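*Asks:* below are the sequence and a predicted model for it; my questions follow.
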Amino acid sequence: LRQGADGARGDDTAKLMTLMSDWVNHELKPNPPVDSDNKNCHGFTSDACGKLLCPAELDWNSPAYVVYSGHIVTDLSFLAFVYEKYTTNMDNLKEGLFKGKILLQGYKAISTSPSSAKDVEGDGDGTDVIANNQHTKQSSCIVKVKKHVAQIIKMDKVTPRLIAYVACQVSHDITSWWSVDGNFDYIQF
């Protein structure tokens, strides 16, 4: 079982690696673009990736933050990519939480297919597993359709564990971090 889980996780990581760079480049239009083949271009060295990895309570666009924030990113930080439009309402931290477009795209690429991730608009509506499964069942009566992961494992809802898994996969693909990088512990995150 452990070997199968490790293999699936490796498949998910490989699947997202190129997709994540494409999504970041399309969504944030960085110059230079994020290179999927060079992990050294990811993380805080890239303005686009830095914006997504910035703790949500901070403003990446603030010159004071970019020059020197003194803020330490830890495994307890909610990173901007988990929030809708990559920003948070400091008066209501739950608002927009787990509705970041790139997070939702990562979820759909892992749970259904990479092509289904194109449909995400970042509004949280594109992740209805039950409706997607019912639609596929109805269409499979007409045409033979390959089952996706969510159907194979009979996933009928998005769980906190799945959200955490996707968030780790997404953060891994937009960072240049090691397992422990300064004060950030990727394993704890």
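*Replies:* Structure's in. What do you need? Residues are numbered from 1 along each chain as shown.
*Asks:* CA-only coordinates of stretch 12-28 in CSV, if you can.
*Replies:* Output of stretch 12-28 as CSV, limited to C-alpha atoms (Å, rounded to 0.1, in the frame of the first residue of the first chain):
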residue,chain,number,x,y,z
ASP,A,12,0.5,13.7,-9.1
THR,A,13,3.7,15.7,-8.6
ALA,A,14,4.9,15.0,-12.2
LYS,A,15,1.4,15.8,-13.6
LEU,A,16,1.3,19.2,-11.9
MET,A,17,4.9,20.2,-12.5
THR,A,18,4.4,21.5,-16.1
LEU,A,19,0.8,22.4,-15.6
MET,A,20,1.6,24.6,-12.6
SER,A,21,4.1,26.7,-14.6
ASP,A,22,1.6,27.1,-17.4
TRP,A,23,-1.2,28.1,-15.0
VAL,A,24,1.1,30.6,-13.2
ASN,A,25,2.3,32.1,-16.5
HIS,A,26,-1.3,32.3,-17.9
GLU,A,27,-2.8,33.7,-14.6
LEU,A,28,-0.2,36.2,-13.5
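*Asks:* pLDDT of that stretch, averaged?
*Replies:* Across stretch 12-28, the average pLDDT comes to 86.
*Asks:* same check on stretch 175-184?
*Replies:* 61.
*Asks:* ok, which stretches of this protein are strands?
*Replies:* 180-181, 184-185 (DSSP state E).
*Asks:* His26: neighbouring residues, count only.
*Replies:* 13 (other CB atoms under 10 Å). C-beta: built from backbone N, CA, C; applies to glycine.
*Asks:* next one, pLDDT for the nearest residue to Ala56 once chain neighbours are set aside please.
*Replies:* Using CB to CB, 6 or more residues apart in numbering and skipping residues adjacent in sequence, the residue nearest Ala56 is Thr88, 4.0 Å away. We have a pLDDT of 91 for Thr88.
*Asks:* mind checking how far Thr88 is from Leu52?
*Replies:* For Thr88, the distance to Leu52 (CB to CB, to the nearest Å) stands at 13 Å.
*Asks:* contacting residues for the residue nearest to Asp173 when sequence neighbours are not counted?
*Replies:* Excluding its sequence neighbours, the residue lying closest to Asp173 (CB to CB, 6+ apart) is Met20, at 3.9 Å. By CB atoms under 8 Å, 6 or more residues apart in numbering, the contact list for Met20 reads 36, 102, 106, 170, 173-174.
*Asks:* most neighbours among these, please name it.
*Replies:* Ranked by the number of neighbours (other CB under 10 Å), these place Gly106 first, at 29 neighbours.
*Asks:* got the contact list for the closest residue to that residue other than its chain neighbours?
*Replies:* The spatially closest residue to Gly106, leaving aside those adjacent along the chain, is Val170, at 4.3 Å (CB to CB, 6+ apart). Counting by CB under 8 Å, 6+ apart, Val170 touches 16, 20, 81, 102-103, 106.
*Asks:* can you map out the helices along this structure?
*Replies:* 2-28, 47-53, 63-67, 101-111, 129-142, 149-152, 160-174 (DSSP state H).
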